[in-house]
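In: Make a model of this:
(chains A and B)
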Amino acid sequence: MAERVFAGKLERAGFSEIWIGGHRPFGIDEAALYPLFTPGVIEVMRRTIPPAHHDHVATGVIVKASKPS
Amino acid sequence: MTHDLLFQAEIKDSVRQAYAEVSSGGGERLARRLYSEHELAEVPDGAVRWALGVGDPVRYAFLRPGETVLDVGSGGGIDTILAARRVGAEGRAIGLDITEAMCERGRRHAADSGVDAWTEFLLGEMEDIPLPDAAMDVVVSNGVLNLSARKSRALAEIHRTLRPGGRISLADLTVENDLPPEVANDESAWAG
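Out: Numbers count the residues shown, from 1 in each chain, chains lettered A, B, ... in the order given. Model (predicted):
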């Protein structure tokens, strides 16, 4: 899910004061630390994603928002 | 529509099965990427070993003593326990997870932490949270919303459970460019 899509869904759910920050790159080596990613999908990632993007296939973010009073 | 609903059910089953079968968390190496030394010292080793999140939403939640906080997709309980420490015994921390095995792990780790008197773990889905309206001051979640095939529904449920003026702090992954179809369509990519 793209960041702007995430923000849009929050808005439509009724949230306000939406803030998205704390960005950090999430790469294939980090994905490999998670047992839920099988070795097979990690191998597919390494094979199908351009090497220049291996260190940043997704972005970790913190999303904050509030429910209006 | 029928196909979409089937697809959603397949994703949910796939995620539930993956989490039911997983035999370990991301381990200390992963936890050290996400949490500070101080935070890791506040939780038992078992909760550290079972870390499966993608960030540190409790750090950004600025919880206050006495608040009631829900951790959606609590897993082994690391964020629930950190939240419980912040809200203290006059507050309440609730972990919600789709597998009973994870809820049991969370309860064990909360007991090891000494926060179990004001911490509980509920079995349930983020798209149908088993809590009343406006019951929570804060909702946190760590790498879980991206697992839902019904993200809007999950966000609506989180919104429903928050009191007016309540707030959320969610850690998650965003993807700005399409992943290759071989990755995007892989069941374990959904679960991961």
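In: Quick check: phi and psi on A:Met16?
Out: That one is not Met; residue A:16 is Ser. Here is the backbone geometry of A:Ser16 (degrees, to the nearest 10): phi -130, psi 180.
In: OK, contacts around it?
Out: Neighbouring residues of A:Ser16 by CB atoms under 8 Å, 6 or more residues apart in numbering or on different chains: A:Ala65, A:Ser66, A:Lys67, A:Pro68. The way it works is simple: take the backbone N, C-alpha and C, and place the C-beta from them, glycine included.
In: Are any of those residues buried, and if so which?
Out: Buried by 16 or more other CB atoms under 10 Å in any protein chain shown: A:Ala65, A:Ser66, A:Lys67, out of the contacts of A:Ser16.
In: Switch those over to a markdown table; also include distance to chain B and secondary structure.
Out: Shown next, in a markdown table, are the buried ones among the contacts of A:Ser16 (distance: CB to the nearest CB, whole Å; DSSP: H, G, I helix; E, B strand; the rest coil):
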| residue | distance to chain B | secondary structure |
| --- | --- | --- |
| A:Ala65 | 5 | strand |
| A:Ser66 | 4 | strand |
| A:Lys67 | 4 | coil |
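In: Now render those residues as CSV, adding pLDDT.
Out: Converted to CSV, the buried ones among the contacts of A:Ser16 look like this (pLDDT from 0 to 100):
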residue, pLDDT
A:Ala65, 98
A:Ser66, 98
A:Lys67, 98
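In: and which of those is nearest A:Pro25?
Out: Within these, the smallest distance to A:Pro25 is 23.2 Å, found for A:Ala65 (CB to CB).
In: what sits against the nearest residue to A:Ala2 once chain neighbours are set aside?
Out: Of all residues beyond its chain neighbours, the one nearest A:Ala2 is B:Glu176 (5.4 Å), with distances taken as CB to CB, 6 or more residues apart in numbering or on different chains. Shown in contact with B:Glu176 (CB under 8 Å, 6+ apart): A:Ala2, A:Glu3, A:Thr59.
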